[in-house]
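Visitor: Requesting a structural model of the entry that follows:
(one chain, ligands or ions: 2)
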Amino acid sequence: MRISVIGCGYLGAVHAVCLAKLGHDVIGIDIDLRKVGDLQAARAPFFEPGLSELLDEVLMTGRLKFSPSMADAKGSDVHFLCVGTPQRKGDYAADMRHVDSAFVSLLDFLEPGNLIVGKSTVPVGTAVRLADQLSRRYPDGLLAWNPEFLREGLAIQDTLSPDRFVYGIPEGEDGTRAAQLLDAVYATPLAAGVPRLCTNYATAELVKAAANSFLATKISYINAMAEVCEVTGADVTLLADALGFDERIGRKFLNAGVGFGGGCLPKDIRAFMARVGELGADQALTFLREVDDINVRRRFRTVELTRTLVGNSLLGKRITVLGAAFKPDSDDVRDSPALSIAAQLQLQGAEVTVTDPEAIDGARRRFPELVYEEDLTGSS
Ligand SMILES: NC(=O)c1ccc[n+]([C@@H]2O[C@H](COP(=O)([O-])OP(=O)(O)OC[C@H]3O[C@@H](n4cnc5c(N)ncnc54)[C@H](O)[C@@H]3O)[C@@H](O)[C@H]2O)c1
Ligand SMILES: O=c1ccn([C@@H]2O[C@H](COP(=O)(O)OP(=O)(O)O[C@H]3O[C@H](CO)[C@@H](O)[C@H](O)[C@H]3O)[C@@H](O)[C@H]2O)c(=O)[nH]1
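Guide: Ligands and ions are numbered 1, 2, ... in the order given. Sure, this is the predicted structure:
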């Protein structure tokens, strides 16, 4: 099967490489010429365990190519939309410009029977809107929404062997054809027993928003418990261990700390807030807002605690922040709690050094005013 993957950032690059590993002929398309050049030369544009090796392997087979031109999508049976949906400047909503412009330029290269598959995380209602646009130009055009649940740091394993596939598809014959094409794309993991759910578009879009906001809720819940532990002398880690033995609760995502960051959870919960606000679902909005507020407060609380620990003034205190990325096994510094805490400490007069084995370049671009060290040798 020939597949195009449009947008080769984090999600798209991993998806393209994994689809080629599954035996498909894949063309990865991105408007960023440098990214295309790097990928074509077998250089992963970001750090992800196992990605460089797999990229090298599949490029050698000739099954994977990259291009900056949408025209190269022509001839593919399935086109995955993997472009970014960042937080819009000025409000919490998702910025849909990349999805909309990639979708419109793809329309010029569609052929009869092709399937467009949205993988980007989008506000509920997007797929219906795009399907409508598609059908006005191609009455028999097919669109599915197939959200992605991979975790950075475990992206290859999560893509080749996910917990589930969710296909948001239209009703009737079109939906059956879309599901059959997606089944052919994912034949290997499906044969290994990965469950697949067929839903309407809105459910598929909401599964993604609900999954990320539930994960965010678990983290904010345990961070709220950490506040109570602090004032009572209880131990939040042992509390989480004890809660986690209850299978209905589970131990995962109950690690208290500086709160969640990264390119997904913070922006996705906010985009979801914006959308449920537009839809008038006020109770959901109040709930999600609290999850976000608790998360933001963790960063301030960490700065406060640090000040208390060093004698109530940060002025001239030498502080090393271990890790710039938003989590281990990643060089992703998008909305990194560590960097925002480091910047606040510096603003309050501390002499801050940030160390990270992988993420310093990205961190320096976002926070040039901070001092960086590759490792701990230069810090004290
Ligand atoms: N990063 C993850 O772990 C992850 C996991 C699941 C879902 N998602 C979702 O996937 C989407 C992409 O996320 P990401 O982290 O890969 O973003 P990203 O910013 O790393 O990558 C987006 C890519 O799209 C490219 N692009 C933008 N407009 C384009 C166009 N018109 N044509 C071709 N390419 C274009 C950009 O150049 C960039 O390389 C988002 O909606 C995100 O929420 C991300
Ligand atoms: O108990 C925990 C678990 C995580 N985190 C933090 O939460 C953030 C997000 O972690 P994680 O979910 O592992 O990272 P992502 O790679 O951003 O993955 C999330 O976001 C992706 C993009 O939408 C989804 O596909 C994944 O399913 C979802 O887990 C990080 O800052 C972690 O440090 C905690 O603070 N406590």
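Visitor: where do the helices sit along the stretch 1-150 of the chain?
Guide: 10-21, 33-40, 51-61, 97-107, 126-137 (DSSP state H, counting those that start in this stretch).
Visitor: roughly how far out does the fourth one sit from the chain middle?
Guide: Using CA atoms, centre = their mean, to the nearest Å, the mean C-alpha position of helix 97-107 is found 20 Å from that of the whole chain.
Visitor: which outside residues touch that helix?
Guide: 6-7, 70, 73, 79, 81, 83-85, 116, 118, 120, 122, 126, 130, 133-134, 137-138 (CB atoms under 8 Å, 6 or more residues apart in numbering). Any C-beta I mention is one placed from the backbone N, CA and C, and that applies to glycine too.
Visitor: how about 10 Å then?
Guide: Contact with helix 97-107 is made by 4, 6-7, 9, 29-31, 69-71, 73-74, 76, 79, 81-86, 88, 96, 114, 116, 118, 120-122, 126, 129-130, 133-134, 136-138, 141, 143, as judged by CB atoms under 10 Å, 6 or more residues apart in numbering.
Visitor: where does residue 221 land in three-state SS?
Guide: Residue 221 carries the three-state label helix when classified by DSSP: H, G, I helix; E, B strand; the rest coil.
Visitor: That one: neighbouring residues, count only.
Guide: Residue 221: 18 surrounding residues under other CB atoms under 10 Å.
Visitor: pretty sure it is in contact with residue 260, am I right?
Guide: No - taking contacts as CB atoms under 10 Å, residue 221 lies outside contact range of residue 260: 11.7 Å.
Visitor: overlap in contacts of those two?
Guide: What both residue 221 and residue 260 touch, as defined by CB under 10 Å, 6+ apart, is the set 253, 291.
Visitor: And the contacts of stretch 365-380?
Guide: 318-322, 324, 333-336, 339-340, 342-343, 345-347, 351-361, 363-364.
Visitor: interface residues of the stretch 251-380 of the chain facing ligand 1?
Guide: Residues of the stretch 251-380 of the chain lying close to ligand 1 (CB under 6 Å from any ligand atom) are 263, 264.
Visitor: near ligand 2, which residues of the stretch 251-380 of the chain show up?
Guide: Proximity of the stretch 251-380 of the chain to ligand 2 is confined to 253-255, 257, 259-262, 264-265, 268, 326-327 under the rule CB under 6 Å from any ligand atom.
Visitor: returning to what we had before: show me which of the contacts of stretch 365-380 are buried.
Guide: Neighbour counting by 16 or more other CB atoms under 10 Å classes 319-321, 324, 333-336, 339-340, 342-343, 345-346, 352-356, 358-360, 363-364 among these as buried.
Visitor: dump the residue contacts of the residue lying farthest from the centre of the chain.
Guide: Distance from the C-alpha centroid of the chain, by CA atoms, centre = their mean, peaks at residue 311 (38.6 Å). For residue 311, the contacting residues are residue 317, by CB under 10 Å, 6+ apart.
Visitor: next one: phi and psi at it?
Guide: Phi and psi for residue 311, reported as degrees, to the nearest 10, are phi 100, psi 30.
Visitor: Equivalent analysis for the one 3 residues further on, please.
Guide: Backbone torsions of residue 314, given as degrees, to the nearest 10, read phi -90, psi -10.
Visitor: how about the nearest residue to the residue of the stretch 1-150 of the chain found nearest ligand 1, chain neighbours excluded?
Guide: Proximity of the stretch 1-150 of the chain to ligand 1 (CB to the nearest ligand atom) peaks at residue 9, 1.7 Å away. Distance criterion CB to CB, 6 or more residues apart in numbering; nearest residue to residue 9, sequence neighbours excluded, is residue 84 at 5.9 Å.
Visitor: How about the contacts made by the one you found?
Guide: 7, 9-12, 94-95, 97-99, 102, 120-121, 263, 267.
Visitor: So which of the contacts of stretch 365-380 are in helices?
Guide: 339, 340, 342, 343, 345, 346, 347, 360, 361, 363, 364 (DSSP state H).
Visitor: which one of those is nearest residue 249?
Guide: Checking those against residue 249 with CB to CB, the nearest one is residue 340 at 29.2 Å.
Visitor: list the contacts for the residue nearest to that closest one when sequence neighbours are not counted?
Guide: Excluding the flanking residues, the one nearest residue 340 by CB to CB, 6+ apart is residue 299, at 5.4 Å. Residue 299 is in contact with 258, 259, 261, 337, 338, 340, 341, 343, 344, counting by CB under 10 Å, 6+ apart.
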